[in-house]
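Here is a sequence with its predicted model. Questions after.
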Amino acid sequence: MNLLARQSLWRGARVGLDLAKYNSCLPFRGAKSISFPTFPAGLASREFSTVTGAASMPVFTVPGFDKVAFEPPSLPSVSLVNDSPSTWKGDLLAVAITEEDITSSGCDEAATEKTVSIKSPALTALDGELGGALTELLAGGDFEGKQGQASRAIRLGPGSPGPKYVALLGLGKADALTKPQLDRYGASPYQAAGVSLTKLAKAEKATSAGLGLLHGPTGGQQQLDAATYLAAGMLKGCYESTRFKSKSKPCKLSALHILGVGGGEGKAADLAAAVKHGTSMAVGGFLTRYLVEAPPNVCTPSHLAEAAEHIAALAPNRFKLEVLDADACAKLGMGCYLGVAEASLLPPAFIHLAYKPAGEAQKKVAIVGKGLTFDSGGYNLKAGIGSMIELMKFDMGGAAATLGAARILADTQPEGVEVHFIVAACENMIHGKGLHPGDVLKAASGKTIEVNNTDAEGRLTLADALWYAQEKAQATTVIDIATLTGACIIALGGEVAGLFTPSDAMATSLSQASNAAGEKIWRMPMEASYAEQLKSSVADMKNAGGRAGGSITAALFLKEFVKEGVEWAHLDIAGPVWDEKAALPTGYGAATLAQWA
């Protein structure tokens with residue numbers, strides 16, 4: 001690099017608190033509006049320039065991927081059929097049974113071999129119709145009927161009038177099937193069975209698969225729930241990560257059938273609507289997973305803005321999209337958000353996607369998602385074993401869930417509620433003009449924050465996003481959702497999100513929504529005395545406390561940016577956003593947020 005280039009790289013003063021100088025600071029000039037660049041066929045790129053970069057740098061292009069999809073181009077059809085399991089014609093039939101339909105013996109202290117056999121008359125009758133295939137499946141002693149469990153599949157004889165292959169799926173305890181989903185903690189047995197069916201069908205390379213309920217649900221609501229969660233689970237099981245592989249085999253599965261729900265002619269329309277709702281839940285989960293799955297050189301702030309544009313285009317009469325650039329955010333005084341964004345070569349994108357119902361809205365709510373498309377930790381660099389820096393593409397999991405919920409609403413289009421989906425998207429990187437430990441930032445609300453940890457950046461972006469939700473979107477009820485703290489993973493593990501709110505009403509509504517979605521949340525304390533950790537000698541507050549109670553102090557920090565009278569809750573999804581065993585995203589949060597809205 002020559003002398004002139006070095007001078008160009010370092011010229012200009014840091015912005016600091018003086019937001020009026022932000023746009024005149026030569027090293028960081030926000031584009032006048034967010035644009036979505038087009039590239040030659042076969043080439044996608046990530047561009048850096050003096051216009052959008054954190055410093056004056058030569059323009060260059062890194063070859064990448066073609067425009068990636070935000071959701072699958074197609075999914076198997078899901079339909080309810082009235083066929084009996086033994087005569088249903090298709091590739092794979094999976095019979096869903098409860099633990100009480102079978103019995104086991106052996107495997108005692110004398111090391112007797114465990115045997116499992118049929119217990120219920122209904123399963124005995126079906127086994128006879130299927131030529132004893134179910135007895136054969138149970139002979140190994142491994143299948144116990146537990147929720148989500150699947151047996152192997154075996155081929156029926158050439159004379160079979162129905163399916164080519166048959167398997168067993170577990171629904172768990174029989175009494176769990178009659179429990180209302182709103183009272184259930186975690187996934188529905190039907191949802192778990194649906195996921196297991198599709199995974200088994202893909203393994204068997206089936207083109208069609210049917211799930212037959214040995215015991216059909218009784219009562220109208222139970223039938224609707226079964227149809228909804230079977231459809232949602234079946235399609236959820238279709239998820240595969242193939243977009244960034246040079247070679248991938250397309251899934252052959254094209255048709256999924258649900259047998260045994262019942263309902264009759266008078267309920268056909270309601271049951272079809274239930275299947276459609278389950279499909280919408282699954283599609284929202286797909287969009288969420290696709291965003292979290294995408295590497296940070298693909299899922300940039302502008303990529304999230306494009307995802308919002310994709311959703312708005314699906315229901316243009318219901319959605320309105322606005323994407324604010326750095327200039328616009330600076331004029332609004334968003335010093336915390338821009339303070340985090342300024343070290344990145346990629347411009348920030350502040351996304352506001354508003355849903356308005358066809359009729360009058362009785363309430364106005366906002367869902368604010370943390371949108372850090374990559375988090376290096378800044379100068380408090382994520383380093384060493386356990387830092388998870390290689391996984392920090394999922395630090396926009398809150399934004400993904402927020403947009404996934406919007407995707408569900410594009411299909412369901414609820415009445416009576418106006419929903420504002422807000423994402424302050426940016427990267428947290430390292431640069432000479434970036435955020436230093438010890439800097440003081442000024443939020444849009446006017447509060448000043450001493451940055452004692454640049455790796456506690458998500459709450460800084462959320463501070464300005466929460467202000468925007470209240471002051472600009474005029475929301476009176478606000479949820480923020482974020483992969484905010486490792487402390488929450490330590491506290492609750494990888495399957496449960498932490499819920500923080502001073503409002504019992506918000507806690508109840510979110511708990512019911514998560515139950516309905518089949519996702520787990522747990523209310524955490526907001527110990528007021530822990531706020532002492534956030535006191536600063538030079539500013540209104542610090543952005544981070546000590547290690548003890550880290551998820552609580554993070555929530556208390558956010559609470560400082562919520563006006564009195566506004567109902568607010570914070571969801572920390574750092575644990576359930578990612579399936580560590582599968583090394584893939586879960587799609588967590590979208591269904592809960594959509595159900596709540």
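Cool, got the structure.

Just the endpoints, please. Distance across stretch 373-380?
Start-to-end span of stretch 373-380 (CA to CA, to the nearest Å) is 17 Å.

so how far is that stretch from its chain's centroid?
Once both centres are worked out by CA atoms, centre = their mean, to the nearest Å, stretch 373-380 turns out to sit 21 Å from its chain's centre.

and if you look at stretch 386-399?
13 Å.

So for it, mean pLDDT?
Averaged across stretch 386-399, pLDDT comes to 94.

what comes up buried for it?
388, 392-399 (16 or more other CB atoms under 10 Å). (Each C-beta comes from the backbone N, C-alpha and C, glycine too.)

hmm, who's touching it?
288, 291-292, 294-296, 299, 304, 351, 368-377, 381-383, 423, 425, 428, 458, 480-484, 486, 571, 573, 577-578, 585, 588-589 (CB atoms under 8 Å, 6 or more residues apart in numbering).

which of these are buried?
For the contacts of stretch 386-399, buried by 16+ other CB under 10 Å: 288, 291-292, 294, 296, 299, 304, 351, 368-377, 382, 423, 425, 428, 458, 480-484, 486, 571, 573, 577-578, 585, 588-589.

related to what we said a few turns ago, please tabulate the buried residues of stretch 386-399 in JSON lines, including the columns distance to A330 and secondary structure.
As requested, the buried residues of stretch 386-399 are arranged in JSON lines below (distance: CB to CB, whole Å; DSSP: H, G, I helix; E, B strand; the rest coil):
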{"residue": "M388", "distance to A330": "32", "secondary structure": "coil"}
{"residue": "M392", "distance to A330": "26", "secondary structure": "helix"}
{"residue": "K393", "distance to A330": "27", "secondary structure": "helix"}
{"residue": "F394", "distance to A330": "28", "secondary structure": "helix"}
{"residue": "D395", "distance to A330": "23", "secondary structure": "helix"}
{"residue": "M396", "distance to A330": "22", "secondary structure": "helix"}
{"residue": "G397", "distance to A330": "27", "secondary structure": "helix"}
{"residue": "G398", "distance to A330": "23", "secondary structure": "helix"}
{"residue": "A399", "distance to A330": "21", "secondary structure": "helix"}
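
can I get these in TSV with distance to R152?
Compiled in TSV, the buried residues of stretch 386-399 are given as follows (distance: CB to CB, whole Å):
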residue	distance to R152
M388	36
M392	39
K393	36
F394	34
D395	39
M396	39
G397	35
G398	39
A399	40
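
Can you tell me which of those residues is nearest T501?
Nearest to T501 among these: G398, at 15.7 Å, using CB to CB.

Roughly how far does that closest one sit from K267?
For G398, the distance to K267 equals 38 Å [CB to CB, to the nearest Å].

and G219, backbone torsions?
Dihedral angles of G219 (phi, psi; degrees, to the nearest 10) stand at phi 90, psi 150.

neighbours of it, just the number please.
9 (other CB atoms under 10 Å).

ok, it - contacts?
Contacts of G219 (CB under 8 Å, 6+ apart): none.

Which ones among the contacts of stretch 386-399 map onto helices?
288, 291-292, 304, 458, 486 (DSSP state H).

mind giving me a markdown table with the residues you listed and columns for pLDDT and distance to P161?
Listed next are these as a markdown table, based on pLDDT from 0 to 100; distance: CB to CB, whole Å:
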| residue | pLDDT | distance to P161 |
| --- | --- | --- |
| T288 | 98 | 42 |
| L291 | 98 | 45 |
| V292 | 98 | 45 |
| L304 | 98 | 52 |
| G458 | 97 | 58 |
| G486 | 94 | 57 |
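
Give the single residue among the residues you listed positioned nearest to E322.
Nearest to E322, judged by CB to CB, of those is L304 at 13.7 Å.

So what pairs up with the nearest residue to that closest one once chain neighbours are set aside in the strands?
Of all residues not flanking L304 in the chain, A425 sits nearest, at 4.6 Å (CB to CB, 6 or more residues apart in numbering). Judged by DSSP bridges, the bridge partners of A425 are A349, G371.

Let me see the confidence value for A425.
98.

Pretty sure it sits against A305.
Yes. The criterion here is CB atoms under 8 Å, and A425 meets it with A305 at 7.0 Å.

shared neighbours of these two, which are they?
Contact criterion CB under 8 Å, 6+ apart; residues shared by A425 and A305: 349, 351.

one step back: now for the ones in helices among the contacts of stretch 386-399: which two are most distant?
The widest separation within the ones in helices among the contacts of stretch 386-399 (CB to CB) is 23.0 Å, between L304 and G486.

Assign A366 to one of the three secondary structure states.
strand (DSSP: H, G, I helix; E, B strand; the rest coil).

List the contacts of it.
Taking CB under 8 Å, 6+ apart as the test, what A366 contacts is 419-422, 469-470, 473, 475, 477-479.

Looking at these, which are in helices?
Short answer: the contacts of A366 in helices (DSSP H) are 469-470.

E322: how many residues sit nearby?
When counting by other CB under 10 Å, one arrives at 14 neighbours for E322.

just A122 next, same as before
Number of residues near A122 (other CB under 10 Å) recorded here: 13.

Now that it has come up, it's in contact with D101, right?
Yes. Between A122 and D101 there is a contact at 7.3 Å, judged by CB under 8 Å.

Quick check: neighbours shared by those two?
Going by CB under 8 Å, 6+ apart, residues that sit against A122 and also against D101 are L214.

which parts of stretch 244-252 are buried?
Within stretch 244-252, the residues that count as buried by 16+ other CB under 10 Å are C251.

chain center to it: distance?
23 Å.

Give me the contact list for it.
Outside stretch 244-252, the residues that touch it by CB under 8 Å, 6+ apart are 65, 68, 202, 205-207, 238, 240, 242, 294-295, 298.

Can you give me the end-to-end span of it?
19 Å.

what's stretch 308-325 in contact with?
Contacts for stretch 308-325 (CB under 8 Å, 6+ apart): 30-34, 36, 70, 287, 305, 332, 347-358, 403, 406-407, 409-411, 413, 421, 423.

which element is K199 on?
helix 189-203 (DSSP states H and E).

hmm, I was thinking of A516
Assigned by DSSP H and E, A516 belongs to helix 504-517.

got it, and L435?
Counting by DSSP H and E, L435 is part of no helix or strand.

residues in contact with it?
L435 touches 339-340, 342-343, 378-379, 441, 451, 454, 457, counting by CB under 8 Å, 6+ apart.

For G159, state which of the residues you listed is nearest.
E457 (65.9 Å).

Could you count how many residues lie near that closest one?
29.

circling back to that earlier point, ok, the residue nearest to L304 - contacts?
A425 neighbours (CB under 8 Å, 6+ apart): 301, 304-305, 348-351, 371-373, 396, 399.
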